[in-house]
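1. Need a 3D model of the sequence below.
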Amino acid sequence: MTGLSRREMMAASLGATAAFGQRGKMNVLLIAVDDLNTRLGCYGDPVAKTPNIDRLAQRGIRFDRAYCNYPVCNASRTSLLSGFRPDKTKILDNRTPPRTTLKDAVFLPEYFHQHGYFTARVGKIAHGAFEDAVSWDISEFASRPGAARAAAKGKKKKAAAGDGTGDLQWVMTDNPDEAEPDGRTARRIVELMDQSGGKPFFLGAGFHKPHLPWVAPKKYFEMYSTDKIKLPDTPADDLNDIPPIALTHREDEKRMTELERKKAILAYHAATSFMDAQVGVLLDALDRKKLWENTVVLLFGDHGWHLNEHLGLWRKMTVFEEAARAPLIVAAPGKKRGESCPRLVEWVDFYPTLADLCGLPKKAGLDGESVRPLLENPQRKWKKAAYTIVRHQGVIGRSVRTDRYRYTEWGSPDVAELYDHEMDPKEYRNLAKDAKLAQTIVGLRTLLNNPELARPGA
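-> Numbering: from 1, shown residues only. Down below sits the predicted model:
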């Protein structure tokens, strides 16, 4: 025996646990952003002001071909939290509870909890109505003890009048950042970084903006001018070869004036810049607390968002590039920094990637792949395709994205889309009926129907 008292032994044990939490397993900070597309500075957008997301990209890898598995919140988040594509989750809308089919699934933070992690989320990680489908040690929205007082102070500063067309609404407020819900989310996550009790932490920061309505303090709107906003230069005949079922136009939005469209895009940018400032609060905390050397940070948009592409598309719910593609940045200790990766990745890859980076046992049966090899060599060969589906009018649109092409079938090969991204990155020319590409389509249909063939090395 060592001669230590029981209290001294317990203290030593707790000290060892705390040291292990700091030096052993990696922490995870998962930053989920609602409706965030790739209109960001680090993705080359000439207008968007996103200095904090840009600096995160400098600390890690920016994925240039990253695709959600379903372009709507509940379905997308259920796939990334479960590691299964929508054909297995059976979640195809915002109304169906995530565990309707996945009764006993161990969702991503639950898997980390099973392996000794302190888990907490603030804001939207699962779809808002179904946050209780995922278990956390601490689970909060932006409203929490103390937040009501901050909100009350903010209400004393009256918001400017709202503006917009139809459902595209925005409001400039006179509130300080910390009085807005996303501002409270960021600051609460910073508090939780110190409340893991010596365990490694898995923290989920769920930011709501730039989800509609675009509400942000006035100073973020004042960062932009409609003179600098450019509308898509879409060919007048763009819709002639697109199957109508692939589109989600709304009549009131098709009638918007040019200035109204520019104002809406400006408001989206303003909400994005506000959210970016809250990301900055988190990054500053990682700096102060010296957590970068043992923390994996993964930031993503749950899906993309249309800003007047294809002659009047707004929102998500399509498999066009602007809705299916979304930002993904991963910063991990000891991995490459400040580089971009052109390889195809999907949201079902998050689960195996985070588990792998943190040294957890591989979870069997997941649909995704750990992208750890891409964090070490962003240019290496990788999977052949990424998969996104969406349901319109009761018909499933099934889409496969390869390095060069996007191919989509709407219920049958007779209603299809094919776009060549080398020649047509904006997807203006549907080549599905081009006889010269018949063999290409056969290969794409094979991949579409057999995702296992797309795995690395298959």
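
2. For A454, give me its contacts.
-> 383-387, 400, 447 (CB atoms under 8 Å, 6 or more residues apart in numbering). Quick note: C-beta positions are derived from backbone N, CA and C, even for glycine.

3. how about a cut-off of 10 Å?
-> Contact analysis of A454 by CB atoms under 10 Å, 6 or more residues apart in numbering lists 344, 346, 369, 382-387, 400-402, 446-448.

4. Just the buried residues of those residues.
-> Taking 16 or more other CB atoms under 10 Å as the criterion, what is buried in those is 344, 346, 369, 382-387, 400-402, 447-448.

5. Which member of those residues is positioned nearest A179?
-> E346 (36.6 Å; CB to CB).

6. Could you report the distance from that closest one to Q114?
-> 24 Å (CB to CB, to the nearest Å).

7. same question, Q58
-> With CB to CB as the criterion, Q58 and Q114 are 34 Å apart.

8. same thing with G280?
-> In terms of CB to CB, G280 sits 32 Å off from Q114.

9. The two - which one has more neighbours?
-> Set G280 next to Q114 and count neighbours by other CB atoms under 10 Å: G280 wins out with 18 against 12.

10. Make sure the more buried one is indeed in a helix.
-> Yes. Counting by DSSP: H, G, I helix; E, B strand; the rest coil, G280 is located in a helix.

11. Spatially, what comes nearest to it if we skip its sequence neighbours?
-> Among residues not flanking G280 along the chain, N52 sits closest, at 3.6 Å (CB to CB, 6 or more residues apart in numbering).

12. Wasn't that neighbour part of a strand?
-> No. Applying three-state DSSP, one finds N52 to be helix, outside a strand.

13. That one touches V281, doesn't it?
-> Yes. Judged on CB atoms under 10 Å, N52 makes contact with V281 at a distance of 8.5 Å.

14. Mind checking which of the contacts of A454 land in strands?
-> Using DSSP state E, 344, 346, 386-387, 400-401 are the members of these that sit in strands.

15. Looking at the residues you listed, which is nearest L259?
-> The closest of the ones in strands among the contacts of A454, once distances to L259 are taken by CB to CB, is R401, at 34.4 Å.

16. Give me the residue ranges of the stretch 251-400 of the chain where confidence is low.
-> Along the stretch 251-400 of the chain, no part satisfies pLDDT under 70.

17. for it, what spans make up the strands?
-> 295-301, 306-308, 313-315, 328-331, 339-346, 386-392, 395-401 (DSSP state E, counting those that start in this stretch).

18. Which among the ones you listed is found nearest to R99?
-> Of those, nearest to R99 by CB to CB is strand 386-392, at 19.7 Å.

19. what angle sits between the closest one and strand 339-346?
-> 50 degrees (axes from the mean of the first three to the mean of the last three CA atoms, to 10 degrees).

20. Run me through the strand neighbours of strand 386-392, direction for each.
-> Partners of strand 386-392 in the sheet, by DSSP bridges, are strand 395-401 (antiparallel).

21. coming back round to it: looking at the strands of the stretch 251-400 of the chain, spot the one closest to P97.
-> Between those, strand 386-392 lies closest to P97; by CB to CB that is 17.0 Å.
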